[in-house]
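[1] Coordinates for the following, if possible.
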Amino acid sequence: MTKVQKFQEKRQPTRPGQRGIAHLVCGRRAKWLVLVLWLVVLFLMAPFAQKLTDAQDNDAASWLPGSAESTQVLEISENFRPEQIPAIVVYARDGGLTAQDRAAITADVGRLKQLTDHGIRGAETRGPVFDREADPRAAQVQVPITMDEKGWERIAPAVDSVRDVVGTGDGGLTVHITGPGGTSADFAEAFEGIDSTLLLSAMAVVIVMLLLTYRSPTLLLIPLLAVIAALFTAQAFIYLLAEHTGLTVNGQSAGILTVLVFGAGTDYALLLVARYREELRRHEDRHEAMALALHRAGPAVIASGATVVLSMLVLLAAEMNSTSGLGPVAAIGVAVGLVAMLTLFPALLVIVGRWIFWPVIPHLGTENPDQRGIWARMGRRISHRPRTTWIATAIALAVCSLGLVQMRAEGLSNADAFTDKPDSITGQEVSARYFPAGAGDPLVIVTNQAQAEQVGRTVAGTRGVVPQSLGLPPGAKPSYDGKVLFEATMSDPADSEAAKQTVERVRDAVHAVPDADARVGGGTAALLDMDRATTHDNVLIIPLVLLVVLLILCALLRALIAPLLLIGTVILSFTAALGISALVFRHLFDYAGESTDFPLFVFLVALGIDYNIFLTTRIREEATHQGTRPGVLTALAATGAVITSAGLVLAGTFAALGTLPMVAFAEIGFAVALGVLLDTFIVRSVLVTALFLDVGPKVWWPHSLARQEEPAPHADPSSSPSGV
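    Numbers count the residues shown, from 1 in each chain. Take a look at the predicted model:
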């Protein structure tokens, strides 16, 4: 008797008692109870899910670092005036403004002062301000717009109302709307429809991949129903928490919630369906087949979900409010999706029966095609020279990682933030030709009233500040509770590196004024604080998440060597994806740089789609029956098709971010999609497989499997009676 046969003899069918809680989900009566419970939950929760948009808090404080100086100024300034941003109307004529132009501008200002819709504070309109007294070539008019919790929703309509008044110019006179208000409106329009765009894109990709994988037009309905139920339930829970516990939800976290729930839920469904289909070929009773599928695939699915949930909860340690708020929102979404995929989804599959796989129905006793497919052949090829394979693959990925030297994750200016060129950016360029480049987005200084004059002189004397620009904002109180507030214009564009350096100089100068308690905020200060906080978060959170993943893998695999190897592959895959992306962004797409949170976001999403968990848990299962090396080949053959499908689903979902006219989202979408494809086709199928084949049973150290006697390393897994 061969060693392979000895190991195969050790494998016994799973007894009903070993199924544990799985039987409570898909039993003959339990399946109907699960369905009824979910219908009740959806009936109660659906109304709340529709209110999540109303619970979003998109004001600046919900994004900025909670302890940052710019956040403190923002909170204090609310005592002087309502939170607002100016839309800057720029009029320009290269040959000089005519008398008719100036009369038209004056008439526009009169009409602007009458506007009150969409938060426009028309009565506080300032201007026109001309670039020079004699023969002016350009004029600016500032229109304040209130930015409370609903400001993000109405900023675009507000700017549209202003545009209806001022027009776009004619006869050589150009008119643009720029400044913080104009730029924010363009950002808001770029975000418009993000949820529906990503959801519809994900659904389209899922439908195509399910058709290609299972060749079944009916099967795709069940995972879509389960995922949509999970999304509605998660949105309802998050709405209730936002209303009653103070959980912060903004447009970013709400959009990412949709992607994560849909993407992760669909992945879990694909993996469970693949295992269920295998069991249907070995069991006549579909209830028994599903119970066994849950018992065997459940730990890997739970481990993957736990990895995402715990990784997202680590975000609570972030300084950025937008990042720390995303953590619990995403964790709740994935947790609800996990529960739905392990309860509602299997119950629905068992209720509908085998016919859902039509036309390729897995009947009892039919052959499992996986063991003779492309992944089985790939595994056998790798097994001949595993060490050479993993070394060559690791070197190739390391070479790709060298592209990191091209990365410029230092933030994007407004001009570089869009894939096209909206009117606000054109207006910014026109304004900079005639006015101080920082006009419209000034520094905001708060100080004690007694030292206000000295602080004002200090600010005016700081390099990079336009001295004559110091003044009280329109509509603001002259003082409040012993403090005063004033603004100052910078000579450089507000989103430039030079302007950030000016903020640092001003802060250093005013902090040195005794007893002034002076603080410096404004748009540029907020950008500076965000950059610093994001850099801190990158350094802190990435190692913490790696530690969480390592602990999960150790608990799941009950080993130490295998988790350390997998963590190494995760890091290598991540750096390779960033390196390739940086080269593409510089030399193909011609992007100016990346946002400061780009590495962290790509890293977190990459962990959520680490299919090594699904492969290695299957390897461990097979190793207990036939040995580690044959188990590697069996596991690769059994999981190859479904993991590839799941990877393509997520890659397609995140690639849809490229449809948004924003560089940051296009970059994240490209890098995540690339990372998914690298992980699916290179890291999981080649690097991890070769490593496990080379190291052999020692990967399970210190577990007893590390001392297991096993058959020859090139045994053909297709002979396994497991059929998996």
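[2] in the stretch 51-200 of the chain, which spans are helices?
    Taking DSSP state H, counting those that start in this stretch as the test, the helices found in the stretch 51-200 of the chain are 52-55, 69-77, 99-112, 151-166, 179-191, 194-214.
[3] Which one, of those, ends up nearest to Lys421?
    Nearest to Lys421, of all the helices of the stretch 51-200 of the chain, is helix 179-191, at 9.9 Å by C-beta to C-beta. Heads up, the C-betas are built off the backbone N, CA and C, glycines and all.
[4] elements contacting that closest one?
    Identification of packing neighbours for helix 179-191 by 3 or more C-beta pairs under 8 Å, 6 or more residues apart in numbering; DSSP states H and E yields strand 84-92, strand 138-146, helix 151-166, helix 423-434.
[5] which of the residues in it are buried?
    By neighbour count on 16 or more other C-beta atoms under 10 Å, the buried set for helix 179-191 is Gly179, Pro180, Gly181, Gly182, Thr183, Ser184, Ala185, Asp186, Phe187, Ala188, Ala190, Phe191.
[6] Which of the helices of the stretch 51-200 of the chain sits closest to Val466?
    helix 179-191 (15.8 Å).
[7] and for that closest one, what are the contacting residues?
    85-88, 142-143, 145, 147, 152-153, 155-156, 158-160, 176-177, 251, 255, 414, 417-418, 422-425, 427-428, 440-441, 523, 660-662 (C-beta atoms under 8 Å, 6 or more residues apart in numbering).
[8] and what of stretch 34-51?
    Counting by C-beta under 8 Å, 6+ apart, 25, 229, 231-233, 235-237, 239-240, 340, 343-344, 347-348, 351 sit against stretch 34-51.
[9] Then stretch 480-490?
    Contacts of stretch 480-490 (C-beta under 8 Å, 6+ apart): 76-77, 79-80, 436-439, 442-450, 452, 456, 459-460, 464-466, 469-473, 476, 478, 499, 502, 506, 522, 524.
[10] likewise stretch 501-519?
    Residues contacting stretch 501-519 (C-beta under 8 Å, 6+ apart): 69, 72-73, 76, 443, 445-448, 450-451, 454-455, 458-459, 461-465, 488, 490-492, 520, 522, 524-525, 528.
[11] Now restrict the residues you listed to buried residues only.
    Buried among the contacts of stretch 501-519 (16+ other C-beta under 10 Å): 69, 72-73, 76, 443, 445-447, 451, 454-455, 458-459, 462, 464-465, 488, 490-492, 520, 522, 524-525, 528.
[12] And for Leu364, the neighbour number?
    12 (other C-beta atoms under 10 Å).
[13] pLDDT score for it?
    pLDDT for Leu364: 75.
[14] The nearest residue to it once chain neighbours are set aside: neighbouring residues, count only.
    Once flanking residues are discounted, Leu364 sits nearest to Glu284: 4.9 Å by C-beta to C-beta, 6 or more residues apart in numbering. When neighbours are defined as other C-beta under 10 Å, Glu284 has 10 of them.
[15] hang on, Glu284 in a helix?
    No - according to DSSP: H, G, I helix; E, B strand; the rest coil, Glu284 belongs to no helix; its state is coil.
[16] That one contacts Pro362, correct?
    No - Glu284 lies out of contact with Pro362 (C-beta atoms under 8 Å); the separation is 11.5 Å.
[17] mind showing which ranges of the stretch 501-650 of the chain have poor pLDDT?
    Residues of the stretch 501-650 of the chain that meet the criterion pLDDT under 70 lie in 604-610.
[18] Next, format the buried residues of helix 179-191 as CSV and append distance to Asp94.
    Conversion of the buried residues of helix 179-191 to CSV gives the following (distance: C-beta to C-beta, whole Å):
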residue, distance to Asp94
Gly179, 21
Pro180, 26
Gly181, 25
Gly182, 21
Thr183, 24
Ser184, 28
Ala185, 26
Asp186, 25
Phe187, 29
Ala188, 31
Ala190, 30
Phe191, 34
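[19] hmm, back to that, and the residue nearest to Leu364, what are its phi and psi?
    Dihedral angles of Glu284 (phi, psi; degrees, to the nearest 10) stand at phi -80, psi -40.
[20] so how far is Arg354 from it?
    To Arg354, Glu284 is 10 Å away according to C-beta to C-beta, to the nearest Å.
[21] what about Ala123, how many neighbours?
    13.
[22] Kindly apply the preceding question to Leu257 instead.
    With other C-beta under 10 Å as criterion, Leu257 counts 25.
[23] List the contacts of the nearest residue to it once chain neighbours are set aside.
    Nearest residue to Leu257 in three dimensions, chain neighbours excluded: Gly333, at 4.5 Å (C-beta to C-beta, 6+ apart). For Gly333, the contact set (C-beta under 8 Å, 6+ apart) comprises Leu231, Ala234, Ile238, Leu257, Leu260, Val261.
[24] Would you mind giving the residues you listed as CSV with pLDDT added?
    Compiled in CSV, the contacts of Gly333 are given as follows (pLDDT from 0 to 100):
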residue, pLDDT
Leu231, 89
Ala234, 89
Ile238, 87
Leu257, 80
Leu260, 77
Val261, 84
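[25] Mind checking which of these land in strands?
    Among the contacts of Gly333, DSSP state E puts none in strands.
[26] Tell me if I am right that Glu487 is in a strand.
    Yes - according to three-state DSSP, Glu487 belongs to a strand.
[27] Where do the helices of the stretch 601-724 of the chain begin and end?
    Going by DSSP H, counting those that start in this stretch, the stretch 601-724 of the chain shows helices at 612-626, 628-655, 663-678, 689-695.
[28] what pLDDT, on average, does stretch 693-711 get?
    On average, stretch 693-711 scores 83.
[29] so how far is that stretch from its chain's centroid?
    Centre-to-centre, stretch 693-711 and its host chain are 38 Å apart (C-alpha atoms, centre = their mean, to the nearest Å).
[30] Report the secondary structure state of the nearest residue to Phe598 once chain neighbours are set aside.
    Closest residue to Phe598 apart from its sequence neighbours, by C-beta to C-beta, 6+ apart: Ala409 at 5.0 Å. Of the three states, Ala409 takes coil under three-state DSSP.
[31] what residues are up against Ala409?
    Gly593, Glu594, Ser595, Thr596, Phe598, Pro599.
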